[in-house]
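> Sequence and predicted structure are below.
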Amino acid sequence: MIEISHVNKWYGPTFQVLKDCTTSIAKGEVVVVCGPSGSGKSTLIKCVNALEPFQEGQIVLDGIKVNDPKTDLPKLRARVGMVFQHFELFPHLRIIDNLCLAQEKVLGRSHAEAMAKGEKLLKRVGLTVHANKYPAELSGGQQQRVAIARALAMDPIAMLFDEPTSALDPEMISEVLDVMVDLAREGMTMMVVTHEMGFARKVAHRVIFMDTGEIVEDAQKDDFFGSPRSERAQQFLSKILSH
Amino acid sequence: MKYNWNWHIFFEPSPNGTGNYLDMLLSGLVLTIETALLAWIIALVIGTIVGVMRTLPSKTASAIGFCYVEFFRNIPLLVQLFLWFFVLPELLPRSAGLWLKQMPNAPFWTASIGVGLFMSVRVAEQLRAGIGSLPRGQKMAATALGLTTTQAYRYVLLPIAFRVILPPLTSEFLSTIKNTSVAITIGLIELTGQARAMQEFSFQVFEAFTAATVLYLLINLVVVIGMRLLERQVAIPGYISGK
Amino acid sequence: MFSNFDFDVIRRSLPYLFLDGMTFTLTLTALSAVGGLVFGTALALMRLSGFKLLGRIAGLYVDLMRSLPLVLVIFWFYFLVPYIGQWLTGASRPIRVGAFTSSLVTFIMFEAAYFSEIMRAGIQSISKGQPAAASALGLTYSQSMRYIVLPQAFRNMLPVLLTQTIVLFQDTSLVYVLSIPDFLGAASKVAQRDGRLVEMYLFAAAVYFVISSLASYGVRRLQARIAIVR
């Protein structure tokens, strides 16, 4: 489903943020990407739907080359859902309109169709009563659930999560993770940048560990938590699991 | 487009008999600069007083400041100039009114004072915002050291606030220069007025206005460069723009 | 000092002042604000487009307009518009342009520079995550601008845009230099005809003051409301 091969990316002439990153995610697979801040994990996930350009290597999404200038990027992006660290709901639109906008303008669905789909997904994330509110009137956890619903409304073939819980207050993290766990159990293809190792243990198939722009570890979940091979991954795990 | 350009027009003698058209424009330029400088001094002095008044804890002081600002901000500059030039002499006692009307260079003094008062409101508002942006601890610290309110403003608040608002003050000074051209309506033959006169005498519309445009651009350039140098001169190391 | 004050001259000229003069002023203000906003937004988009040449041209235009006094710009366009009209229509000589059209073109072109700076600041104030989220949903650049970025920029900048429109309302009085009967022009005509400068100019000042004060009070209220919503 997602093939990342030998991706290199520089900021400016000298600062390399991604170093020869290669991995792949199969249909229905849930892959967690973790690593210290500045390790390039957020950059990598943004390269997958070309929100960030990269200079070398290639990424193929469902058979389509992301970095091919001939690729219709809006069309490609519409098929991959993305959830951001800071939710990025559109503050000038009501919750339900946040869900409908791209359905209508990108997929060309009728307003009635989009509304029906939107309402169904709001129900699914348990926020039906807030349909007519504005994003700023919701808590962070609620906003992030709306953001997930907004991405699902496009019927994506895969979902990308960029630190979906790191901007949330601790008591709101679980409501968002619950939605993600359900999604994973339904067989959605997911690439998740997160430090939530509980989530990784519960539903991930594989864990990728990145440091200073490199993929240091790419292992089945049980192998990763059982016996991570690299010293850096061991250190990282001991730091975030020790408390 | 059919228009007969004649760039030699500047060196043809002007009908006022004191030189060529270029001399005419340059004398306008000098008058623009003189008027603007006097207006700017007035704007700075009164603007500082009013701006400070609006930040004082005294309700009366800030109310007076507010009324002053509202009065000068909500009447067009052109109308204000008419009030000073045509209306004020009639409202004064006969002898004072007569003295005003017969004053030599009446347009110059009216323009300088009128534009100065108009711009003083902008200076006051900038300064109020500048003082408001300072950490509240500054004033408390000054007072705690035993400084009187006057001393606190004189030695602590104003020196910092003026540095903060130097960039917006630059553009207010530029506005002052531009606004002197409104005085063309009370008979001040400054740069725009001379360009207009040249157009009427010579019929070379676009040469006259092009020359005035170039001269205004030059003034702008000089002011911007001058203010940059000043900003660098007074910058406080490690504070705001003082890198 | 108001002993020989003639209030009747004001009463007599009210229909002329408001039906002719103020109508002209308000129409000119409204149309210039809308036109200036549209053209100004286009300039702002050019500057932020990433096309260097386009951005440079828009930047030069904005800087030029902002460096010149409005009075000079009014003169410029007063003489230039007939030639532009000739060029656009292919006529054989500079076309005749009415006072209203000429001032409308002037104010749209002039205000566009100021509105463009406001819209540019508005667009830049929106976090980069917003357009990123829009394109992650598959919206194209123009869709993202139209549905996500510009509505927010406009809403955030509404108080500033309205304040600029109040400035514009006052600035329209400068068409006086072309002897055009806007509100001030009308007042001045009556003043000179009847020799009643004091009455007419005080009255004009009062009218401008009341309208501008009420409008800026409205803007402050709006600003306070927006501040709560956010």
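Perfect, I can see it now. All values reported here derive from a predicted model rather than from experimental measurement. Numbering: from 1, shown residues only, chains lettered A, B, ... in the order given.

> Tell me how far B:Ile160 lies from B:Leu169.
In this view, B:Ile160 and B:Leu169 are 14 Å apart by C-beta to C-beta, to the nearest Å. Glycine gets a C-beta too; all of them are placed from N, C-alpha and C.

> Neighbour count: those two, which is higher?
B:Leu169 (23 against 18; other C-beta atoms under 10 Å in any protein chain shown).

> so that one is in which element?
Per DSSP states H and E, B:Leu169 falls inside helix B:166-179.

> So what touches that helix?
In this structure, residues lying in contact with helix B:166-179 by C-beta atoms under 8 Å, 6 or more residues apart in numbering or on different chains are B:32-33, B:36, B:39-40, B:43, B:77, B:115-116, B:118-119, B:122-123, B:126, B:162, B:216, B:219-220, B:223-224, B:227, B:230-231, B:234, C:67-70.

> list the buried ones in the following helix or strand past it?
Downstream of helix B:166-179, the next assigned helix or strand under DSSP H and E is helix B:191-202. For helix B:191-202, the buried set under the neighbour-count rule, 16 or more other C-beta atoms under 10 Å in any protein chain shown, comprises B:Leu191, B:Thr192, B:Gly193, B:Gln194, B:Ala195, B:Arg196, B:Ala197, B:Met198, B:Gln199, B:Phe201, B:Ser202.

> Now do the contacts for the first one.
B:Leu191 sits next to B:Leu25, B:Gly28, B:Leu29, B:Leu31, B:Thr32, B:Ser181, B:Ala212, B:Leu215, B:Tyr216 when contact means C-beta under 8 Å, 6+ apart.

> so C:Phe24 sits right up against C:Ser173, yeah?
No. Counting by C-beta atoms under 8 Å, C:Phe24 sits too far from C:Ser173 to count as a contact (11.0 Å).

> who's more crowded, these two?
Ranked by neighbour count (other C-beta under 10 Å), C:Phe24 and C:Ser173 place C:Ser173 first, with 25 against 21.

> Local confidence estimate at that one?
With respect to pLDDT, C:Ser173 has a value of 96.

> A:Val181 now?
Value for A:Val181, per-residue pLDDT: 95.

> Near it, how many other residues are there?
Around A:Val181 there are 16 residues (other C-beta under 10 Å).

> does it sit in a helix or strand, and which one?
helix A:170-185.

> so how far is that helix from its chain's centroid?
For helix A:170-185, the separation from the chain centroid amounts to 13 Å (computed by C-alpha atoms, centre = their mean, to the nearest Å).

> Could you list every helix and strand in contact with it?
Helix A:170-185 sits against helix A:140-152, strand A:190-193, helix A:197-203, with contacts defined as 3 or more C-beta pairs under 8 Å, 6 or more residues apart in numbering or on different chains; DSSP states H and E.

> Can you say which of these is nearest to chain C?
Distance to chain C, taken as C-beta to the nearest C-beta, is lowest for helix A:140-152 among the helices and strands packed on helix A:170-185, at 7.2 Å.

> separation between the spatially most central residue of chain B and chain C?
For chain B, the residue nearest the mean C-alpha position is B:Thr176 (2.8 Å; C-alpha atoms, centre = their mean). Going from B:Thr176 to chain C by C-beta to the nearest C-beta, to the nearest Å gives 11 Å.

> residues touching A:Glu137, list them.
Counting by C-beta under 8 Å, 6+ apart, A:Glu137 makes contact with A:His130.

> coming back round to it: just the buried ones from the contacts of helix B:166-179?
B:32-33, B:36, B:39-40, B:43, B:77, B:115-116, B:118-119, B:122-123, B:126, B:162, B:216, B:219-220, B:223, B:227, B:231, C:67-70.

> Pull the residues that contact the worst-scoring helix or strand of chain B on mean pLDDT.
Lowest on mean pLDDT, DSSP states H and E among the helices and strands of chain B sits helix B:136-144, with a mean of 77. Applying C-beta under 8 Å, 6+ apart, the set of residues contacting helix B:136-144 from outside is B:Thr149, B:Gln151, B:Ala152, B:Tyr155, B:Val156, B:Leu157, B:Ile160.

> can you rerun that using 6 Å?
B:Ala152, B:Val156 (C-beta atoms under 6 Å, 6 or more residues apart in numbering or on different chains).

> State the next helix or strand along the chain beyond that helix.
Using DSSP H and E, the helix or strand that follows helix B:136-144 towards the C-terminus is helix B:149-151.

> Now do the helices in chain C.
All helices of chain C, identified by DSSP state H, fall at C:7-15, C:23-48, C:52-67, C:70-89, C:99-124, C:129-136, C:141-143, C:150-171, C:183-194, C:197-229.

> residue ranges with poor pLDDT in chain C?
Judged by pLDDT under 70, chain C has its weakly predicted residues at C:1-3, C:227-230.

> Spell out the residue ranges of the strands in the chain.
Chain wasn't specified; assuming chain A. Ranges of strands in chain A, per DSSP state E, are A:2-11, A:15-25, A:30-34, A:56-61, A:64-65, A:80-83, A:158-162, A:190-193, A:206-211, A:214-220.

> Pick the most deeply packed of those.
Most buried of those, by mean neighbour count (mean count of other C-beta atoms under 10 Å in any protein chain shown): strand A:80-83, with a mean of 27.

> do that one and chain C meet at all?
Yes. Applying C-beta under 6 Å from any C-beta of the partner chain, one finds strand A:80-83 in contact with chain C at A:Met82.

> Tell me how many other residues crowd B:Leu92.
15.

> Skip the chain neighbours and tell me the closest residue to it.
In this structure, B:Leu92 finds its nearest non-sequential neighbour in B:Leu100, 6.7 Å apart by C-beta to C-beta, 6 or more residues apart in numbering or on different chains.

> Helix, strand, or coil at the one you found?
When classified by DSSP: H, G, I helix; E, B strand; the rest coil, B:Leu100 comes out as helix.

> tell me the centre residue of chain A?
Using C-alpha atoms, centre = their mean, the most central residue of chain A is A:Phe161, at 1.6 Å.

> Up against chain C, what does chain B have?
B:1, B:74-76, B:78-79, B:82-83, B:86-87, B:90-91, B:178, B:181, B:184, B:192, B:205, B:209, B:212, B:216-217, B:220.

> In helices, which of the residues you listed fall?
Of those, the ones assigned to helices by DSSP H are B:78-79, B:82, B:90-91, B:178, B:192, B:205, B:209, B:212, B:216-217, B:220.

> In chain C, what residue lies closest to chain A?
Chain A sits closest to C:Gly138 of chain C, with a gap of 2.6 Å, by C-beta to the nearest C-beta.
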